[in-house]
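Participant: Structure for the following, please:
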Amino acid sequence: MSMKLGESKIPKREVVRLESSYAVSSFFICGTAMHQVIDIESDNRHLSRYRGFLVVSEDHEEIGRVPLDDILAIIVHAHGITYSNSLLVELAKRGATVVLCAANHHPEAILWPMQGHHAQGARMRAQWEAPKPMLKQLWKQVVRAKIQMQAATLTAYGHSDHALNRLARTVKSGDPENIEAQAARRYWPLLMGKEFRRDRRVDGANALLNYGYTVLRAATSRAIIGAGLHPTIGLHHSNRSNAFALADDLMEPFRPLVDCAVKGLLARDITKVTPEAKHTLARLIAFDLDFGATRTPLRVSLEKLTHSLAMSFEQGKSVLILPKTPPPLELAGLGHE
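Facilitator: Numbers count the residues shown, from 1 in each chain. Predicted coordinates for the structure are as follows:
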């Protein structure tokens, strides 16, 4: 049985469930435009296209549909999922990413379009030919922004941020002293407790972090492709098996937002990747961040960041735009919705 959307106006960030069995768990309304994260967690679903809609079916019966133009990303956890080729082609035309996850909610593959921007060829060439000194300066800015966001996160939960802010100021070009790792060794025990270890393979808080980072990685990948850049050519990450090294680089300053949301979920005794946890973590794409005199949702912030990176490559100098750290009260509120 399918459910059709009504004509009434939907409040900002309201979560609308398409079907009670959660085959298409939810989608999210951000501001005046719809940017939906579709989560497929039930087995044996068929995803297809019909007249501009993503249609989800089970045993040849439709159980949900979403306008293709409204989809930011599709995250697939289930097994036995089938797709129509026309659906994947139409998603690629719109720049929507499809993320294929393992059992621990860690992404194993992302489908991305070949053409994302009218100047894609020139921008990718400039990206590939970017001089190492500039790449090191860009990475310095990214690491410094990440540590500052971690410091603000600790403040939000009642810990001193002085040590991390001091570390942020010591980051040098290319981060040769690995200040990023030094900050992480201080950050995680204070935020999650002394016994916590970041491990992608285990459940609990780590599985929640995996899912939140998956949403963030998908949104970052889409922004990179939309800016005409290649997601494999990173600033710092260079593992030859990582096809999305640049996404992993650029999402670093935003990871603490996921950490805050997971902290909020744990405070509500939500320790597994439940539908409610997914709703909370996917809503982060609508979290507002300050960019100069304007506030923009995280999704738009990523677009501004990636376009500024593309301009940096084209101009041969850093004009990177990174968000300001949010107030501690806003960070502490994440995950409590």
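Participant: looking at it, residue 136 is touching residue 142, isn't it?
Facilitator: No - counting by CB atoms under 8 Å, residue 136 stays clear of residue 142, with 10.8 Å between them. C-beta coordinates here come from the backbone N, C-alpha and C atoms, glycine included.
Participant: for the stretch 1-150 of the chain, what are the low-confidence residue spans?
Facilitator: By pLDDT under 70, the weakly predicted segments of the stretch 1-150 of the chain are 1-35, 103-104, 114-119.
Participant: Recalculate using a threshold of 90.
Facilitator: 1-44, 58-66, 69-80, 91-124 (pLDDT under 90).
Participant: Show me the helices in it, by range?
Facilitator: Under the criterion DSSP state H, counting those that start in this stretch, helices of the stretch 1-150 of the chain are mapped to 85-93, 120-128, 132-156.
Participant: can I get those helices in a markdown table with mean neighbour count?
Facilitator: Below are the helices of the stretch 1-150 of the chain laid out as a markdown table (neighbours: other CB atoms under 10 Å):
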| stretch | mean neighbour count |
| --- | --- |
| helix 85-93 | 15 |
| helix 120-128 | 16 |
| helix 132-156 | 21 |
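Participant: Of all those helices, which one comes closest to residue 69?
Facilitator: Checking those against residue 69 by CB to CB gives helix 85-93 as the closest, at 9.7 Å.
Participant: same for that closest one, what does it pack against?
Facilitator: When contacts are defined as 3 or more CB pairs under 8 Å, 6 or more residues apart in numbering; DSSP states H and E, helix 85-93 sits against strand 46-50, strand 107-111.
Participant: ok, residue 280 - contacts?
Facilitator: 261, 264, 265, 270, 335, 337 (CB atoms under 8 Å, 6 or more residues apart in numbering).
Participant: Next, it: phi, psi?
Facilitator: Phi and psi for residue 280, reported as degrees, to the nearest 10, are phi -60, psi -50.
Participant: again, but for residue 318
Facilitator: According to degrees, to the nearest 10, residue 318 has phi -80, psi 120.
Participant: Also the one 3 residues further on?
Facilitator: Reported as degrees, to the nearest 10, the phi and psi values for residue 321 are phi -110, psi 120.
Participant: gap between it and residue 212?
Facilitator: 23 Å (CB to CB, to the nearest Å).
Participant: swap in residue 184?
Facilitator: Counting by CB to CB, the gap from residue 184 to residue 212 is 17 Å.
Participant: Looking at these two, which one has more neighbours?
Facilitator: residue 212 (27 against 16; other CB atoms under 10 Å).
Participant: give me the element that one is part of.
Facilitator: helix 205-226 (DSSP states H and E).
Participant: isn't residue 301 right up against residue 292?
Facilitator: No - the criterion here is CB under 8 Å, and residue 301 misses it with residue 292 at 11.3 Å.
Participant: Neighbour count: these two, which is higher?
Facilitator: Neighbour count, other CB under 10 Å: between residue 301 and residue 292, residue 301 has more, with 25 against 10.
Participant: Could you find the closest non-adjacent residue to that one?
Facilitator: residue 289 (4.7 Å; CB to CB, 6 or more residues apart in numbering).
Participant: Could you give the bridge partners of the one you found?
Facilitator: Taking DSSP bridges as the rule, residue 289 bridges to residue 296.
Participant: Correct me if wrong: it contacts residue 322.
Facilitator: No - checked against CB under 8 Å, the pair residue 289 and residue 322 is beyond contact range at 9.6 Å.
Participant: okay if I get the helices and strands packed on helix 85-93 as a markdown table plus distance to residue 329 and mean neighbour count?
Facilitator: Formatted as a markdown table, the helices and strands packed on helix 85-93 follow (distance: least, CB to CB, whole Å; neighbours: other CB atoms under 10 Å):
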| stretch | distance to residue 329 | mean neighbour count |
| --- | --- | --- |
| strand 46-50 | 40 | 18 |
| strand 107-111 | 32 | 16 |
